[in-house]
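S.K.: Got a sequence here, can you model it:
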Amino acid sequence: MAILIDEPMWPAHGRLWAHLVSDTDLEELHAFAARNGIPRRGFDRDHYDVPAEAHHRLVDAGAEHVGGRELVRRLIASGLRVTARQRRGL
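M.R.: Alright, predicted model coming up:
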C-alpha cells in the first residue's frame, strides 16, 4: 500500500497543483489526506488535488513522489481510476 504524489505542474487558480492518490483503496487516501490537513473538497473521484506548497510536507508525511505516468499506471492497476468517460457519465 502506498500514497503517491506527482510533481506539482497542473495550473489552476493562479498556482500549481499535484495529484495525491492511493494504490490500494480510497479509505487509505481519505485518512492520509485528513491526517495531513488536505480538505475533502480537494477530492475528485479518484485523487486529491493538492497545491504545490503542500508537496514537500506530504512527502515528509509518507507520500511517495512519483512521475505523472507512474502515478496513473499505478492508479489504473489499483482499479481505482475513474476514466474520462466515467466522469462524463457515459
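
S.K.: Okay, residue 43 and residue 77: tell me how far apart.
M.R.: Between residue 43 and residue 77 the distance is 20 Å, computed by C-beta to C-beta, to the nearest Å. Where you see a C-beta, it was placed from the backbone N, CA and C, and this is true even at glycine.

S.K.: who has more neighbours, these two?
M.R.: Neighbour totals were compared for residue 43 and residue 77, and residue 43 leads with 16 against 10 (other C-beta atoms under 10 Å).

S.K.: And the strands in this protein?
M.R.: Using DSSP state E, the strands of the chain run over 3-5, 10-12, 15-22, 48-51, 64-65.

S.K.: Identify whichever of the ones you listed lies nearest to residue 82.
M.R.: Closest to residue 82 of the strands of the chain is strand 15-22 (C-beta to C-beta; 10.8 Å).

S.K.: which secondary structure elements does that closest one contact?
M.R.: On a contact count with 3 or more C-beta pairs under 8 Å, 6 or more residues apart in numbering; DSSP states H and E, strand 15-22 meets strand 3-5, strand 10-12, helix 26-35, strand 48-51, helix 68-78.
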